[in-house]
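In: With the input below, show me the fold.
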Amino acid sequence: MKISKFTELECWKKARELVNIIYQLTRKDTFKKDFGLVDQIRRSAVSAMANIAEGFGSRTNTEFIRFLNISIRSLYETQSHLYIAIDQKYADNDEFKVSDKLATDCINICKGLVRYLSNSRKT
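Out: Residues are numbered from 1 along each chain as shown. As a prediction, this is how the structure comes out:
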């Protein structure tokens, strides 16, 4: 199956889910007062989603891989921020687990796509 739009990419769909969960989480009364963390976690999650989309528009697999790697780094950053959120009691264990798993799933899908693109001919 040929993918013709970035919205069809499974990693982008997962990143979108994560962004929505992060926004819900950061609207909670306990969380929303920590302006710095709210800004950072939102930016890193949005960056992951945006870089997948931007990379899809690349002319070469090498460029797409570069954007996917940026996305992966942003997802790791989001996970790090989630640890702060749970440590500060802004999120409960269930919220943390769901968000962290979604980020991990997205990372793994991105890494799989990087492997696939690395083995493809179009560089």
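
In: Which parts of this protein are helices?
Out: 10-26, 29-32, 35-56, 61-87, 93-119 (DSSP state H).

In: Using JSON lines, lay out these together with mean neighbour count and mean pLDDT.
Out: In this view, the C-beta of every residue, glycine as well, is placed from N, C-alpha and C. JSON lines is the format used below for those (neighbours: other C-beta atoms under 10 Å; pLDDT from 0 to 100):
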{"stretch": "helix 10-26", "mean neighbour count": "20", "mean pLDDT": "98"}
{"stretch": "helix 29-32", "mean neighbour count": "13", "mean pLDDT": "96"}
{"stretch": "helix 35-56", "mean neighbour count": "20", "mean pLDDT": "98"}
{"stretch": "helix 61-87", "mean neighbour count": "19", "mean pLDDT": "98"}
{"stretch": "helix 93-119", "mean neighbour count": "17", "mean pLDDT": "97"}
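
In: What separation do you get for the closest residue to Thr30 other than its chain neighbours and Ser99?
Out: Leaving aside its chain neighbours, Thr30 sits nearest to Tyr90 (5.2 Å; criterion: C-beta to C-beta, 6 or more residues apart in numbering). With distances taken as C-beta to C-beta, to the nearest Å, Tyr90 is found 11 Å from Ser99.

In: repeat for Ser58
Out: Counting by C-beta to C-beta - Ser58 and Ser99 are separated by 28 Å.

In: quick revisit: mutual contacts of Tyr90 and Ser99, please.
Out: Leu25 (C-beta atoms under 8 Å, 6 or more residues apart in numbering).

In: about what we covered before: Ile3: which of the helices of the chain is closest?
Out: Across the helices of the chain, Ile3 has its closest neighbour in helix 35-56 (8.2 Å, C-beta to C-beta).

In: Please read off the pLDDT at Ile3 from the model.
Out: Looking at Ile3, its pLDDT is 88.

In: In space, what's closest to it - neighbours in sequence excluded?
Out: Closest to Ile3 by C-beta to C-beta, 6+ apart is Leu9, at 6.2 Å.

In: Could you verify my assumption that the one you found touches Asn51?
Out: No: assessed by C-beta atoms under 8 Å, Leu9 is found out of contact with Asn51, at 11.7 Å.
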